[in-house]
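**Q** Mind looking at a prediction? Sequence and model below.
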Protein chains: 2
Amino acid sequence: MRSLPSYVQLKEVGPRDGLQNEKSWITTEDKVNWINMLSTSGIKEIEYSSFVNPKMIPALSDAREVGKRIIRNPDVKYSALVPNIKGLEYALEAGIDGASVFMSASETHNQKNINKSIQDTYPVLDKVIVEAKQAGKHVTGYISTVFDCPYEGKISPEKVLDVCDKLIESGVDDLSLGDTIGTAVPTQVEQLLELLLQHYPKEKLILHFHDTRGMAIANIMTAMHYGIYRFDSTIGGLGGCPYAPGAAGNVATNDVLYLLEGLGINTGIDEKKLQEAGVFIQNKLNKTLPSRSLAYLKNA
Amino acid sequence: MRSLPSYVQLKEVGPRDGLQNEKSWITTEDKVNWINMLSTSGIKEIEYSSFVNPKMIPALSDAREVGKRIIRNPDVKYSALVPNIKGLEYALEAGIDGASVFMSASETHNQKNINKSIQDTYPVLDKVIVEAKQAGKHVTGYISTVFDCPYEGKISPEKVLDVCDKLIESGVDDLSLGDTIGTAVPTQVEQLLELLLQHYPKEKLILHFHDTRGMAIANIMTAMHYGIYRFDSTIGGLGGCPYAPGAAGNVATNDVLYLLEGLGINTGIDEKKLQEAGVFIQNKLNKTLPSRSLAYLKNA
């Protein structure tokens, strides 16, 4: 086995990727209070909302207000999802440390998700990337369906590399590789990283797992053996899967933290505060979230 | 990474370890029908009940009747948990291919669970092992709390090895190593296997994980890199944790199967039939079971 990293940085994407896929309505007030709890938990990066067309994702239509009202902890980077120049303007006005642009490695998924071919998506993102960099912001390129696509099946690592290359050329600082439908198994993670790490240093790569089939912790373990030390997660495993109502969401921050603490890997996160923030949003959503550790600690 | 096994054998312990920890009452009729479904799913070994004192585990007080009524598939081995000579007699009468004896690697857990010290447990198990072997039965030695104990904390691999040695001396055919409270992380699995595999061939070792903190799939992945190819699991992740109501149970057979199929590892199990058996018992228990794959497939 390769050795494990000594430090791992978790980006909390619950307020964005989590709530985007939850059915219950969370008020702006509750979001602000919840993000403020997350801000004092030791988490170093929070994706607080998405500046997409509010008609597309009504649950996040208060992105501007949330951005303006949250209490910023100077030790935390606040980022948001930004689809285009218009979104970037709103995001800059609301306040961001980082902008995340997004597209898919699968042609069909890209088409269905952002209504454009992969080729036609690049110039749109290029504009956002250039302008965000000019504004002094960190830019992350999210790539969806890097392992499997709900329409096309397996996506080849070469296809993912091609999208990585284009986004890096446009100026993104790093890449977040998404197992959007939560279907990858560890050998797929190995295959993708074997290729990408020939082209990019591990510092450029973030992995973003969903736990739809319960593989996320094993996949994170595998990625860490390749030196990857940055992961996206949602508190409680918020999120669900748009293709299967009732399925699990993103990998749960609480479960990843349990793993990392057990392995002796530092994160700077306070488990108790994380737990409180998890219970808070679980109560607001009025449902049991998928995180095993959240369920355990709540009842132990 | 070490290479993975090409074949993995799952022992379905849902009818025993699963139901033992569930609150809902399942009728004998339903158990028999459910075990019959499992018997035709391609699973090669089923632990159908426990012949402990019915007062201790009322949920399994119908062990004898279940054993007599299930339809035996000649390709499946049927085993049961047996605490003592009296239990073995009942089990032999009800019909078993294998007997599982059990004890704990933790002194305190052993004391609380079977009301004897570790030293005083050996002679009781020795009798059962000898008599079961004389009756021509396969005997598995279950060892609980091989990683962590709810009372004593970390259990050293040396302590586990000591219990393994005693049970092997008594004549057990193999050993099932239990992460009883589902707290182990992959490095603990590595440490234990590094030691045990110096003393025993991989054929002798079975791993038995609970998914209380969501680590089970990663732990199985780790164990497979050591050549381990036999695991205990429960359909749907049945079982729960006696120390935390609402927590997850054993690792879910459905999730392990998803992992193995994704890795190209053969099990002989039919996912669809497994799914049907999972939905059947989920409906009888009238609750959502923890398995990610069961939830996904039921709603996809």
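**A** Received the coordinates, thanks.
**Q** Sketch out the strands for the stretch 51-200 of chain A, chain order is fine.
**A** Along the stretch 51-200 of chain A, the stretches classed as strands by DSSP state E, counting those that start in this stretch are A:77-81, A:98-104, A:138-144, A:148-149, A:153-154, A:174-179.
**Q** Now tabulate those strands in CSV and tack on mean neighbour count, distance to A:Gly227 and mean pLDDT.
**A** No exception for glycine: its C-beta is placed from N, CA and C like everyone else's. Below are the strands of the stretch 51-200 of chain A laid out as CSV (neighbours: other Cβ atoms under 10 Å in any protein chain shown; distance: least, Cβ to Cβ, whole Å; pLDDT from 0 to 100):
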stretch, mean neighbour count, distance to A:Gly227, mean pLDDT
strand A:77-81, 24, 22, 98
strand A:98-104, 24, 22, 98
strand A:138-144, 23, 19, 98
strand A:148-149, 22, 24, 96
strand A:153-154, 10, 25, 96
strand A:174-179, 24, 14, 98
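**Q** A:Asp120: how many residues sit nearby?
**A** A count of nearby residues for A:Asp120, using other Cβ atoms under 10 Å in any protein chain shown, gives 12.
**Q** no no, A:Glu271
**A** Count around A:Glu271 with other Cβ under 10 Å applied: 16.
**Q** And the residue nearest to it when sequence neighbours are not counted, its phi and psi?
**A** What sits nearest to A:Glu271 in space, not counting adjacent residues and going by Cβ to Cβ, 6 or more residues apart in numbering or on different chains, is A:Leu257, at 6.0 Å. As for A:Leu257, its main-chain torsions (degrees, to the nearest 10) stand at phi -60, psi -40.
**Q** can you tell me how far A:Leu257 sits from A:Asn219?
**A** Plainly put, A:Leu257 is 16 Å away from A:Asn219 if you go by Cβ to Cβ, to the nearest Å.
**Q** And for A:Lys133?
**A** Applying Cβ to Cβ, the value for A:Lys133 to A:Asn219 is 31 Å.
**Q** which of the two has more neighbours?
**A** Set side by side, A:Lys133 and A:Asn219 give different neighbour counts by other Cβ under 10 Å, the larger being at A:Asn219 (27 against 16).
**Q** Can you classify the residue nearest the centre of chain A by secondary structure?
**A** Closest to where the C-alpha atoms of chain A average out (Cα atoms, centre = their mean) is A:Asp232, at 4.2 Å. Local secondary structure at A:Asp232 is given as strand here, using DSSP: H, G, I helix; E, B strand; the rest coil.
**Q** so how many other residues sit close to A:Tyr122?
**A** Neighbouring residues of A:Tyr122 were enumerated by other Cβ under 10 Å; the total is 18.
**Q** ok, back up a step: relative to chain B, which of the strands of the stretch 51-200 of chain A is closest?
**A** Taking Cβ to the nearest Cβ as the criterion, chain B comes closest to strand A:148-149 out of the strands of the stretch 51-200 of chain A, the separation being 9.8 Å.
**Q** Identify the bridge partners of A:Ser233.
**A** When bridges are taken as DSSP bridges, the partners of A:Ser233 come out as A:Glu12.
**Q** give me the number of residues near it?
**A** Other residues within reach of A:Ser233, judged by other Cβ under 10 Å, total 32.
**Q** how close does it get to A:Val251?
**A** 5 Å.
**Q** Give me the common contacts of those two.
**A** Overlap between the neighbourhoods of A:Ser233 and A:Val251 consists of A:Phe209, taking contacts as Cβ atoms under 8 Å, 6 or more residues apart in numbering or on different chains.
**Q** hang on, isn't A:Thr145 packed against A:Leu177?
**A** No. Using Cβ atoms under 8 Å, A:Thr145 is not in contact with A:Leu177, being 9.9 Å away.
**Q** At the contact with chain B, which residues of the stretch 101-250 of chain A appear?
**A** Applying Cβ under 8 Å from any Cβ of the partner chain, we find that the stretch 101-250 of chain A lies next to chain B at A:183-188, A:190, A:211-215, A:217-218, A:220-222, A:225, A:241, A:243-248.
**Q** Mark which of the residues you listed are buried, thanks.
**A** A residue is treated as buried here by neighbour count (16 or more other Cβ atoms under 10 Å in any protein chain shown); on that basis the buried members of these are A:183-188, A:190, A:211-215, A:217-218, A:220-222, A:225, A:241, A:244, A:247-248.
**Q** So for the residue nearest to A:Glu271, what's the pLDDT?
**A** If you check A:Leu257, the pLDDT there is 98.
**Q** With A:Val172 instead?
**A** 98.
**Q** which residues does the nearest residue to it once chain neighbours are set aside contact?
**A** Take A:Val172 and drop its neighbours on the chain: the residue closest to it by Cβ to Cβ, 6+ apart is A:Gly141, 3.9 Å away. By Cβ under 8 Å, 6+ apart, A:Gly141 lies in contact with A:100-103, A:125, A:129, A:164, A:167-168, A:170, A:172, A:174-176.
**Q** before we move on, back to that, the residue nearest to the centre of chain A touches A:Gly14, doesn't it?
**A** No. Applying Cβ under 8 Å as the test, A:Asp232 and A:Gly14 come out as separate, 9.8 Å apart.
**Q** Which neighbours do these two have in common?
**A** Overlap between the neighbourhoods of A:Asp232 and A:Gly14 consists of A:Asn250, taking contacts as Cβ under 8 Å, 6+ apart.
**Q** doesn't A:His208 make contact with A:Asp174?
**A** No. No contact is recorded between A:Asp174 and A:His208 when judged using Cβ under 8 Å, the distance being 11.6 Å.
**Q** Skip the chain neighbours and tell me the closest residue to A:Ile193.
**A** Slight slip there: residue A:193 is Leu, not Ile. Once chain neighbours are set aside, the closest to A:Leu193 by Cβ to Cβ, 6+ apart is A:Tyr226, at 4.5 Å.
**Q** now that neighbour: how far from chain B?
**A** Taking Cβ to the nearest Cβ, to the nearest Å as the criterion, A:Tyr226 is separated from chain B by 10 Å.
**Q** cool, A:Ile96 as well?
**A** A:Ile96 is 31 Å from chain B, by Cβ to the nearest Cβ.
**Q** how near is that residue to A:Leu81?
**A** Relative to A:Leu81, and taking Cβ to Cβ, A:Ile96 is found at 10 Å.
**Q** Could you find the closest non-adjacent residue to A:Ile46?
**A** Using Cβ to Cβ, 6+ apart, the closest residue to A:Ile46 is A:Glu12 (4.8 Å).
**Q** mind listing what A:Phe147 touches?
**A** A:154-155, A:179, A:183-184, A:188-189, A:192.
**Q** which residue sits closest to it, ignoring its sequence neighbours?
**A** Distance criterion Cβ to Cβ, 6+ apart; nearest residue to A:Phe147, sequence neighbours excluded, is A:Ala184 at 3.9 Å.
**Q** right, and the one you found touches A:Ile220 too?
**A** No. Here A:Ala184 does not reach A:Ile220: they are 10.9 Å apart, not a contact under Cβ under 8 Å.
**Q** any residues in contact with both of those two?
**A** Common neighbours of A:Ala184 and A:Ile220 are listed as A:Phe209 (criterion: Cβ under 8 Å, 6+ apart).
**Q** And the residue of the stretch 51-200 of chain A that's closest to chain B?
**A** Nearest residue of the stretch 51-200 of chain A to chain B: A:Val185, at 3.3 Å (Cβ to the nearest Cβ).
**Q** Now do the contacts for that residue.
**A** A:215, A:218-219, B:258-259, B:262-263.
**Q** go again using 10 Å as the cut-off
**A** For A:Val185, the contacting residues are A:147-148, A:179, A:213, A:215, A:218-219, A:222, B:217, B:221, B:258-265, by Cβ atoms under 10 Å, 6 or more residues apart in numbering or on different chains.
**Q** Cool, thanks, signing off.
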